[in-house]
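In: After the sequence you'll find the predicted model.
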Amino acid sequence: MDQFDSAIREIYENYYYEEDVESVLEKIKDYKRFVIFGAGQLGHKVYHVLAERGAKAELFCDNKLWGRTDIDTGLEVMRLTELKGNRTEVFVLLAVFDEADYQAVYHQLLNFGFADRQLMDARNMTQRNPISFLKENIDKYKKAYALLTDDFSKKTYVNMIKKQYLDVDISGIVCAGQEAYFDKELVLTEEEVFVDCGGYTGDTSLQFIEKTKGRYKKLVIFEPEEYKENIIRETLKGYAYELFTYGVWSSSTVLKFSARGDSTSHVAESGEIQIPVKALDDVLLEEHPTFMKMDIEGAETESLKGSRKIIERYRPKLVICIYHKPEDLFEIPILLREMRNDYRLLIRQYSDTRFETVCYAI
């Protein structure tokens, strides 16, 4: 039995996702009200998992994001001290990812007067995919695994599958964070035309400049949140680059966008604004890109489809995040190999969470 089959067997033998969700639903029934502490990405996942089962939270509490109405859910986000009513009637789900932060919030709630029985860790409920998803896609997982070039990538891949379903410790396969997007296998030259999709604050572009010692042919950045333009300009002051303030997609159109003001802003049907998006084939085909990075909050697959001509014609080095959607872990490697069968595909992991999984095509 190879490591892939062994990992799948381990998942089937140890899986218990539904019990996590059911236990939360049972606890909620004992209280008149329930709220979610944590209005970030994890809190939103908790909200939607429970809302799909008919249990909708009353509001979010958060130590940092309070004082607004959450655009995605319509819930108010408030400080704990603003929570009104009889506290004994309230059940609190803690959607706080980092362990140290979780412990701090847990003790904050106890000190505020909540009993331990009123508090529940929501992390397990959202950190595992349903087993039905594995059964439906097992052949695709196996196909993607077989496409990987090196043993370390295969080891990383099976560990990330286990992380999705069992939330296992993956510290043994985590690479140094400063290497994110720039694995040692990635060789850069002075002739690079780098396309940074998801420019954010210009941090990755600055890293590229430092890696090339400022010697490159062209740097192109796509970042649809206009307020970040000034941040990027400050970050890259003195360096040559071209900035497009729109997103990338499979076609040139207009899409709804959830502008959260942080790294989790993304294309979404519930988005409060509209942004223009472009297919890279429509914008950069004649620029001969040599290196493309995509960290665009779930839009990677569509954007790769809009880059097909570039990829097929020029074979640029690709660095693609494959963790924003569960299916990204297999769909993106398979898509890359379909576009070009001469890519070496590598998988690297840059945190000990389900996030920061990157596929290199070089």
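Out: Good, I have the coordinates.

In: where does the protein have its least confident helix or strand?
Out: One helix or strand of the chain scores below all others by mean pLDDT, DSSP states H and E: strand 266-267, with a mean of 52.

In: Flag every buried residue along stretch 230-237.
Out: I231, I232, T235, L236 (16 or more other Cβ atoms under 10 Å). C-beta here means a position set from N, CA and C on the backbone, and glycine is covered the same way.

In: got the residues you listed as CSV, with pLDDT columns?
Out: Shown next, in CSV, are the buried residues of stretch 230-237 (pLDDT from 0 to 100):
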residue, pLDDT
I231, 96
I232, 97
T235, 97
L236, 98
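
In: which one of these is nearest N137?
Out: Using Cβ to Cβ, I232 is the member of the buried residues of stretch 230-237 that lies nearest N137, at 37.2 Å.

In: Excluding chain neighbours, what is closest to the closest one?
Out: Distance criterion Cβ to Cβ, 6 or more residues apart in numbering; nearest residue to I232, sequence neighbours excluded, is G202 at 3.9 Å.

In: what residues are up against that neighbour?
Out: I221, I231, I232, R233, T235, L236 (Cβ atoms under 8 Å, 6 or more residues apart in numbering).

In: Pipe those into JSON lines and attach secondary structure per row.
Out: Rendered in JSON lines, the data for these read as follows (DSSP: H, G, I helix; E, B strand; the rest coil):
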{"residue": "I221", "secondary structure": "strand"}
{"residue": "I231", "secondary structure": "helix"}
{"residue": "I232", "secondary structure": "helix"}
{"residue": "R233", "secondary structure": "helix"}
{"residue": "T235", "secondary structure": "helix"}
{"residue": "L236", "secondary structure": "coil"}
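
In: what two of those residues are the furthest from one another?
Out: Across the contacts of G202 (Cβ to Cβ), the longest gap, 11.5 Å, separates I221 and I231.

In: still on that earlier bit, next SSE after the least confident helix or strand of the chain?
Out: strand 273-278 (DSSP states H and E).

In: and that following strand, what does it pack onto?
Out: Packed against strand 273-278 by the contact rule (3 or more Cβ pairs under 8 Å, 6 or more residues apart in numbering; DSSP states H and E) you find strand 247-248, strand 253-258.

In: Among the buried residues of stretch 230-237, which one lies nearest to E190?
Out: L236 (18.3 Å).

In: which non-adjacent residue is nearest that closest one?
Out: G202 (4.9 Å).

In: what about the chain, any weak spots by pLDDT?
Out: 1, 16-20, 126-127, 257-273 (pLDDT under 70).

In: mind listing the helices for it?
Out: Counting by DSSP state H, the chain has helices at residues 3-14, 17-28, 41-51, 99-112, 123-126, 131-147, 151-166, 203-211, 228-235, 280-284, 300-305, 308-314, 328-339.

In: can I get these in JSON lines with distance to I71?
Out: Formatted as JSON lines, these follow (distance: least, Cβ to Cβ, whole Å):
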{"stretch": "helix 3-14", "distance to I71": "35"}
{"stretch": "helix 17-28", "distance to I71": "24"}
{"stretch": "helix 41-51", "distance to I71": "10"}
{"stretch": "helix 99-112", "distance to I71": "23"}
{"stretch": "helix 123-126", "distance to I71": "20"}
{"stretch": "helix 131-147", "distance to I71": "27"}
{"stretch": "helix 151-166", "distance to I71": "27"}
{"stretch": "helix 203-211", "distance to I71": "25"}
{"stretch": "helix 228-235", "distance to I71": "18"}
{"stretch": "helix 280-284", "distance to I71": "28"}
{"stretch": "helix 300-305", "distance to I71": "22"}
{"stretch": "helix 308-314", "distance to I71": "33"}
{"stretch": "helix 328-339", "distance to I71": "24"}
